[in-house]
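Participant: no sequence on this one, just coordinates:
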């Protein structure tokens, strides 16, 4: 059976959200992603999703965002999530999804790819290393969660 790579259709958002939850399960985290099909569909102007379909079933997805690096002076692709269903692994589906997403973003001017990999996800670490991704140990991810984000919004607010 052949695999078709294409942009996600709106009616597939639930299936893609389920795959993201599958990624969390794959790496063994207790955190359950809050992504729903509805939230993914609402974020359509922010995120680009390509899917792999085989026999009418989605077997993988790559979710990407356009980013900009001031240090590189160039736009790039930020891969949010890349997931292939367990039964479809070992067939280069992840590579094909990543390549498809990279082509789509290159047409928009992207010159590099940036992504994060959970430290416990050894198979993903190996996959990206084989492709030539360099682990940037000098960079550290910092996250400001919603409650602190909400507090930050009001800092320096001018009252008139």
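Facilitator: Ah, there it is. Small disclaimer: the values here were computed from a predicted structure and weren't measured.

Participant: which sections of the chain are below the confidence cut-off?
Facilitator: Along the chain, segments meeting pLDDT under 70 span 158-160.

Participant: Residue 110: what's it in contact with?
Facilitator: 66, 74, 75, 76, 77, 102 (Cβ atoms under 8 Å, 6 or more residues apart in numbering). All C-beta spots, glycine's among them, are computed from the backbone N, C-alpha and C.

Participant: how close does it sit to residue 16?
Facilitator: Distance check for residue 110 against residue 16: by Cβ to Cβ, to the nearest Å, it reads 21 Å.

Participant: ok, back up a step: from the contacts of residue 110, list just the buried residues.
Facilitator: For those, a neighbour count by 16 or more other Cβ atoms under 10 Å gives the buried set as 75, 76, 77, 102.

Participant: What sits closest to the second one if chain neighbours are left out?
Facilitator: Spelled out, it's residue 76. Distance criterion Cβ to Cβ, 6 or more residues apart in numbering; nearest residue to residue 76, sequence neighbours excluded, is residue 112 at 4.1 Å.

Participant: Quick check: the one you found vs residue 77, distance?
Facilitator: Separation of residue 112 from residue 77 (Cβ to Cβ) stands at 7 Å.

Participant: Do a quick rundown of the strands in the chain.
Facilitator: Taking DSSP state E, the strands of the chain run over residues 4-7, 48-54, 57-69, 74-84, 113-115.

Participant: Can you give the contact residues for the fourth one?
Facilitator: Yep, that's strand 74-84 we're talking about. Counting by Cβ under 8 Å, 6+ apart, strand 74-84 makes contact with 19-20, 22-23, 26, 47, 52, 59-69, 93-94, 97-98, 101-102, 105, 108-115, 124, all of which sit outside it.

Participant: So in that sheet, which strands flank that strand, and in what orientation?
Facilitator: With DSSP bridges as the criterion, the sheet partners recorded for strand 74-84 are strand 57-69 (antiparallel), strand 113-115 (parallel).

Participant: what distance separates the longest one from the centre of its chain?
Facilitator: The chain centroid and the centroid of strand 57-69 are separated by 4 Å under Cα atoms, centre = their mean, to the nearest Å.
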